[in-house]
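**Student:** requesting a structural model of the entry that follows:
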Amino acid sequence: MSDQLEELFTGLRTDTLPQVQPPGVDAARTTVRRRRTTRHAAAATALVAAVGGTAVIGWTGRGGQHENRPADRSAHRAVAGLGDRTAGGLVGESLPATFTDVQAGGYTLAVACAGRGVLTVRLELRREAANPQDLGGQVVSCAADPQPASIMVRVPAPGVLSASINGDDQARDGASYAMALRHDEESDPSTQASQETVWNTSRAIDLLTGSSSAEVQSITTEEGSQILTTAAGEGEYLLRTACAGPGAVSFKMETLPARNGKPDAIGETLIEETIDCIDVDPHADGGLTTVWLPAHSGYVVTVTPDEAARNRAGVAWVLEPQ
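**Tutor:** Next up is the predicted model:
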């Protein structure tokens, strides 16, 4: 992996990796998380957003030159009525969209892409006197008659949300995207990592510490699901996992190739399995899984807890180079 790419992924890890400490430590709340989602398109997943002031790309849903293109009209129609704020434009011309004065709370963002190809959307939450917080990213499929992808999310703190749009070659050749976002009044903005999930994550880390010279990664389970991006060099690895606490979690690892020094669309699924968590005398998963990571690529892990594990269990894993 080039020094430039390594620096990029390292920056992502610095902002996104959970800092697991003993119960009650606020740092554990900074885990990058992908929340419980409502999916409206089988091939499309989604984004995070929040209502506030909006810096719009291309048009705002109130008319403009870009809406004259069929693809723009299709994307706009797909998200019409799904939020009181809209943003969108040509994929090939897009600058980051920013939503200012975002308050902590629950929101739903719908996104649609009209045309061909796929989009990769990456989000950051920016706050004064704090480093940008990487909120992860996901892939949205484009179509001639697009269906919107939606996600429900709790924004952890007030700030400015920035959404960058990167399309593949097909999407940059004429596709259009649209976003619509709304505030979910019924959402509880106070959800935080419980002491139990922080403690169990620490226990899961301890189970894997010393089993390998590689760094142990971990994640708490206070939301519907979480997503984490990190770097890894090309080669073969042995994956070992551990989950402490009640319930079970779905564990999915996918490649995240880079193009032109930036993370691109999520790629191949390396492993997808259910991990049974152990509450009393937990131990590491006895099985080792072999995975291969290509050159110029990182990986994405998505952990989705069941109801028994949510905000109680903790997950850790380690990739040992071979």
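
**Student:** may I ask which helix or strand of the protein has the lowest mean pLDDT?
**Tutor:** Within the chain, no helix or strand scores below strand 53-55, which has a mean of 31 by mean pLDDT, DSSP states H and E.

**Student:** next SSE downstream of that strand?
**Tutor:** Going down the chain from strand 53-55, the next helix or strand is helix 70-79, by DSSP states H and E.

**Student:** for that following helix, buried residues please.
**Tutor:** Residues of helix 70-79 classed as buried by neighbour count (16 or more other Cβ atoms under 10 Å): Ala71, Asp72, Ser74, Ala75, His76, Ala78, Val79. For glycine as for every other residue, the C-beta is placed from the backbone atoms N, C-alpha and C.

**Student:** can you pull the contacts of the third one?
**Tutor:** The reference is to Ser74. Under the criterion of Cβ atoms under 8 Å, 6 or more residues apart in numbering, the neighbours of Ser74 are Ala112, Ala114, Ala144, Asp145, Pro146, Ser176.

**Student:** of those, which is the nearest to Gly159?
**Tutor:** Distance to Gly159 across those (Cβ to Cβ) is lowest for Ala112, with 25.4 Å.

**Student:** which SS class is the closest one?
**Tutor:** strand (DSSP: H, G, I helix; E, B strand; the rest coil).

**Student:** quickly list what it is bridged to.
**Tutor:** Ala112 forms beta bridges with Ala178, as assigned by DSSP bridges.

**Student:** residues in contact with it?
**Tutor:** Neighbouring residues of Ala112 by Cβ under 8 Å, 6+ apart: Ser74, Ala75, Ala78, Val79, Val140, Pro146, Gln147, Pro148, Ala149, Tyr177, Ala178.

**Student:** got these as TSV, with distance to Leu288 columns?
**Tutor:** Output for the contacts of Ala112, formatted as TSV (distance: Cβ to Cβ, whole Å):
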residue	distance to Leu288
Ser74	47
Ala75	45
Ala78	44
Val79	44
Val140	34
Pro146	41
Gln147	40
Pro148	40
Ala149	35
Tyr177	41
Ala178	45
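
**Student:** ok, so of the contacts of Ser74, who is nearest Val280?
**Tutor:** For the contacts of Ser74, the nearest to Val280 is Ala112 (47.1 Å; Cβ to Cβ).

**Student:** Cys277 contacts Ala309, doesn't it?
**Tutor:** Yes: Cys277 sits in contact with Ala309 when judged by Cβ atoms under 8 Å, with a separation of 5.6 Å.

**Student:** gap between Ala309 and Ile205?
**Tutor:** Going from Ala309 to Ile205 by Cβ to Cβ, to the nearest Å gives 16 Å.

**Student:** who's more crowded, these two?
**Tutor:** Neighbour totals were compared for Ala309 and Ile205, and Ala309 leads with 26 against 21 (other Cβ atoms under 10 Å).

**Student:** surely that one forms part of a strand?
**Tutor:** No: counting by three-state DSSP, Ala309 is located in no strand; its state is coil.

**Student:** contact partners for it?
**Tutor:** Counting by Cβ under 8 Å, 6+ apart, Ala309 makes contact with Thr221, Cys243, Gly245, Pro246, Gly247, Ala248, Val249, Cys277.

**Student:** and the closest residue in space to it that isn't next to it in sequence, backbone torsions?
**Tutor:** Ranked by Cβ to Cβ, 6 or more residues apart in numbering and with sequence neighbours excluded, the top spatial neighbour of Ala309 is Gly247, at 2.9 Å. Main-chain dihedrals, Gly247, degrees, to the nearest 10: phi 80, psi -160.

**Student:** related to what we said a few turns ago, give the residues shared as contacts by Cys277 and Ala309.
**Tutor:** Joint contacts of Cys277 and Ala309 (Cβ under 8 Å, 6+ apart) are Cys243, Gly245, Pro246, Gly247, Ala248, Val249.

**Student:** of these, closest to Ser297?
**Tutor:** Ser297 lies nearest to Val249 out of those, by Cβ to Cβ, at 24.1 Å.
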